[in-house]
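>>> Compute the structure for the input listed below.
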Amino acid sequence: MTRFHIEVLMLKKLVTLPLIFFLCFAAAVSAATATPQVEREYVLGAGDVVRITVFQNPDLTTETRVSETGAITFPLIGSVQVGGQSVPAAERLIASRLRSGGFVQQPQVSILPVEMKGNQVAVLGQVNRPGRYPMETFNLKVSDLLALAGGVAQGGGDVAVLIGTRDGKPVRREIDIPGLFGAATADDLVLSSGDVIYVDRAPMAYIYGEVQRPGAFRLERNMSVMQGLATGGGTTARGTVRGLRIHRREAGGELKVFEPGLDDLLRADDVIYVKESLF
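As a prediction, the model looks like this:
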């Protein structure tokens with residue numbers, strides 16, 4: 001090997017080693033600064049039914065319901081306050097009571113929730129399976145609950161209303177349902193026990209007169225008068241788009257009748273009237 005080749009190899013080593021050290025350092029910093037996504041534990045509540053077992057002590061196996069005060073009754077140690085505690089915390093509490101009472105030297109307690117009724121959320125309105133659902137985890141989101149309810153039913157709107165309590169204060173928030181399934185959204189909130197999601201009916205508009213299909217139709221977002229006419233199948237042979245009339249109920253309750261432009265946007269409960277052509 002010539003001196004030239006040796007110098008080239010040494011130069012490659014000098015370039016490669018710092019690069020390796022830099023990549024290792026960057027990976028270490030990334031790992032140290034990465035924020036782990038901590039999942040909340042299920043918290044026991046009144047009405048929950050739990051099965052409690054103690055390893056190698058089958059006679060202590062108990063299935064019981066958490067009372068309204070958050071207490072359960074367990075053999076040997078009596079009443080134990082588990083309401084408001086996570087499952088691991090309740091396991092440690094029972095194990096501590098068994099150990100301190102001298103009943104089991106090294107108790108290994110396991111709690112299995114059989115029925116979770118203490119922490120529930122409800123979904124109502126235009127969904128396929130309305131009702132109350134247990135929060136099996138404390139990371140249940142709005143999109144998860146809508147999925148459990150079978151999604152929005154036919155005729156349901158694009159907006160859901162969340163009603164609940166946060167920090168002791170009532171909360172009401174409107175949520176854009178299609179936006180829940182975008183790239184990222186702040187509307188896909190983590191639910192809390194007692195939350196209610198309500199999906200209203202889709203807004204409607206109406207068309208009558210000289211159109212092919214008079215009647216009610218679903219009002220889509222940013223739907224124009226021209227699109228509303230198209231939903232009605234267009235005008236009949238005797239109809240005309242000149243002299244259209246829209247009957248609109250204003251916020252104060254007064255009725256407003258006016259001639260719109262074809263590109264004007266419709267509002268919920270608008271009524272389009274297509275008159276007969278005189279020629």
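>>> what's the burial count for the nearest residue to residue 217 once chain neighbours are set aside?
Excluding its sequence neighbours, the residue lying closest to residue 217 (Cβ to Cβ, 6 or more residues apart in numbering) is residue 231, at 4.5 Å. C-beta here means a position set from N, CA and C on the backbone, and glycine is covered the same way. Other residues within reach of residue 231, judged by other Cβ atoms under 10 Å, total 21.
>>> Might you report the residue contacts of residue 231?
Residues in contact with residue 231, defined by Cβ atoms under 8 Å, 6 or more residues apart in numbering, are 207, 213, 217.
>>> a markdown table for those, including distance to residue 46?
Output for the contacts of residue 231, formatted as a markdown table (distance: Cβ to Cβ, whole Å):
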| residue | distance to residue 46 |
| --- | --- |
| 207 | 53 |
| 213 | 54 |
| 217 | 47 |
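>>> Show the buried residues in those residues.
Neighbour-count burial (16 or more other Cβ atoms under 10 Å) is assigned, among these, to 207, 217.
>>> Export the contacts of residue 231 to CSV and append columns for pLDDT and distance to residue 226.
Listed next are those as CSV, based on pLDDT from 0 to 100; distance: Cβ to Cβ, whole Å:
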residue, pLDDT, distance to residue 226
207, 97, 12
213, 95, 15
217, 95, 13
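>>> quick check, nearest of the contacts of residue 231 to residue 162?
Of all the contacts of residue 231, residue 162 sits closest to residue 217, with 28.2 Å by Cβ to Cβ.
>>> didn't the closest one look like it was pressed against residue 204?
Yes: under the criterion of Cβ atoms under 8 Å, residue 217 makes contact with residue 204 at 6.9 Å.
>>> neighbours of residue 131, just the number please.
11.
>>> Can you list the strands that the longest strand along the chain pairs with?
Assignment by DSSP state E gives strand 156-166 as the longest strand of the chain. Paired neighbours of strand 156-166 in the sheet (DSSP bridges): strand 169-176 (antiparallel), strand 196-201 (antiparallel).
>>> ok, and for the first one, which residues are buried?
Read that as strand 169-176. Going by neighbour count (16+ other Cβ under 10 Å), the buried part of strand 169-176 is residue 175.
>>> just the strands in the stretch 101-250 of the chain please.
For the stretch 101-250 of the chain, applying DSSP state E, counting those that start in this stretch gives strands covering 109-115, 120-125, 131-134, 156-166, 169-176, 196-201, 204-209, 215-218, 245-249.
>>> Make a markdown table out of those strands and add distance to residue 146.
Below are the strands of the stretch 101-250 of the chain laid out as a markdown table (distance: least, Cβ to Cβ, whole Å):
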| stretch | distance to residue 146 |
| --- | --- |
| strand 109-115 | 23 |
| strand 120-125 | 7 |
| strand 131-134 | 11 |
| strand 156-166 | 7 |
| strand 169-176 | 10 |
| strand 196-201 | 7 |
| strand 204-209 | 22 |
| strand 215-218 | 19 |
| strand 245-249 | 31 |
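>>> For residue 172, list each beta-bridge partner.
Bridge pairing for residue 172 - DSSP bridges - gives residue 163.
>>> ok, now how distant is it from residue 105?
53 Å (Cβ to Cβ, to the nearest Å).
>>> Would you confirm that residue 138 contacts residue 45?
No: Residue 138 lies out of contact with residue 45 (Cβ under 8 Å); the separation is 11.3 Å.
>>> any common contacting residues for these two?
Residues touching both residue 138 and residue 45 by Cβ under 8 Å, 6+ apart: residue 119.
>>> neighbour count winner among these two?
Using other Cβ under 10 Å as the criterion, residue 138 and residue 45 rank with residue 45 on top: 21 against 16.
>>> Tell me which residues are up against stretch 272-279.
For stretch 272-279, the external contacting residues (Cβ under 8 Å, 6+ apart) are 205-211, 225, 228-229, 232, 235, 238-247, 266.
>>> swap the cut-off to 6 Å and go again
With Cβ atoms under 6 Å, 6 or more residues apart in numbering as the test, stretch 272-279 has contacts from 207, 209-211, 228, 235, 238-240, 243, 245-246.
>>> Pull out the buried residues from it.
By neighbour count on 16+ other Cβ under 10 Å, the buried set for stretch 272-279 is 272-275.
>>> Please produce a markdown table containing those, extended by pLDDT.
Putting those into a markdown table (pLDDT from 0 to 100) gives the following:
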| residue | pLDDT |
| --- | --- |
| 272 | 96 |
| 273 | 96 |
| 274 | 95 |
| 275 | 93 |
